[in-house]
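Visitor: no FASTA, just this:
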């Protein structure tokens, strides 16, 4: 089933790439992780970070999911150029004001921000499109935040914000009925 999972994650990457984007401009970075060693490395990083987080049990739960996965799709925002809609979603009246006044900050095992909300919606649309593709093929998956932060920290993806969709093909989905380890 590993080969099938690898093919599916490639199809998910295609769905993420072709998902609709604000103004038709593509600022996404999409990476497929298929090597067992890379998945293990990401899971170990998540476990190591868990005691330093405010949500240790959830980091451990998600790390266990990554260990049990056969592939992982990472979707990230590699640039946060304002979309130019002057929508105000970022808290500024215009995109020009947002671009001029924002001060980028980086959080350890997190992201860099703030970002244009239209670009964040681009990322959401790509994630949903990829998850839909996996679902249409009856491959279990789950959109996860922490795995994206860990993969980013390790350099598997260069994006400023990243999320992941691990996939698994087995008799019972490992992404539902998940147990949160006791602290």
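Guide: Structure's in. What do you need? A quick note: this is a predicted structure, and the numbers were derived from the prediction, not measured.

Visitor: residues making contact with the helix or strand hosting residue 125?
Guide: Using DSSP states H and E, residue 125 sits in helix 117-136. Applying C-beta atoms under 8 Å, 6 or more residues apart in numbering, the set of residues contacting helix 117-136 from outside is 8, 11-23, 26-28, 30, 73, 75-77, 79-83, 85, 87, 89-90, 140-141, 143, 161, 163, 165, 167. To be clear about C-beta, it is placed using only N, CA and C from the backbone, and glycine gets the same treatment.

Visitor: Could you list the low-pLDDT ranges of the chain?
Guide: In the prediction, the chain carries residues with pLDDT under 70 at positions 182-183.

Visitor: so is the residue most central in space within it in a helix, a strand, or just coil?
Guide: Residue closest to the average C-alpha location in the chain (C-alpha atoms, centre = their mean): residue 163, at 1.0 Å. Here residue 163 is recorded as strand under DSSP: H, G, I helix; E, B strand; the rest coil.

Visitor: Test of understanding: give the bridge partners of it.
Guide: Counting by DSSP bridges, residue 163 forms beta bridges with residue 75.

Visitor: for it, what are its contacts?
Guide: 74, 75, 76, 123, 127, 143, 144, 145, 147, 148.

Visitor: Show me which of the contacts of helix 117-136 are buried.
Guide: Among the contacts of helix 117-136, those buried by neighbour count (16 or more other C-beta atoms under 10 Å) are 8, 11-13, 15-16, 19, 21-22, 27-28, 30, 73, 75-77, 80, 82-83, 87, 90, 140-141, 143, 161, 163, 165, 167.

Visitor: And residue 104, how close does it get to residue 132?
Guide: 32 Å (C-beta to C-beta, to the nearest Å).

Visitor: what's the answer for residue 7, then?
Guide: 16 Å.

Visitor: And the closest residue to residue 115 other than its chain neighbours, how close does it get to residue 29?
Guide: Leaving aside its chain neighbours, residue 115 sits nearest to residue 80 (4.0 Å; criterion: C-beta to C-beta, 6 or more residues apart in numbering). To residue 29, residue 80 is 12 Å away according to C-beta to C-beta.

Visitor: shared neighbours, these two?
Guide: Applying C-beta under 8 Å, 6+ apart, one finds that no residue jointly contacts residue 80 and residue 29.

Visitor: residue boundaries of the strands in this structure?
Guide: Per DSSP state E, the chain carries strands over the ranges 28-33, 71-77, 105-106, 112-113, 140-141, 161-168.
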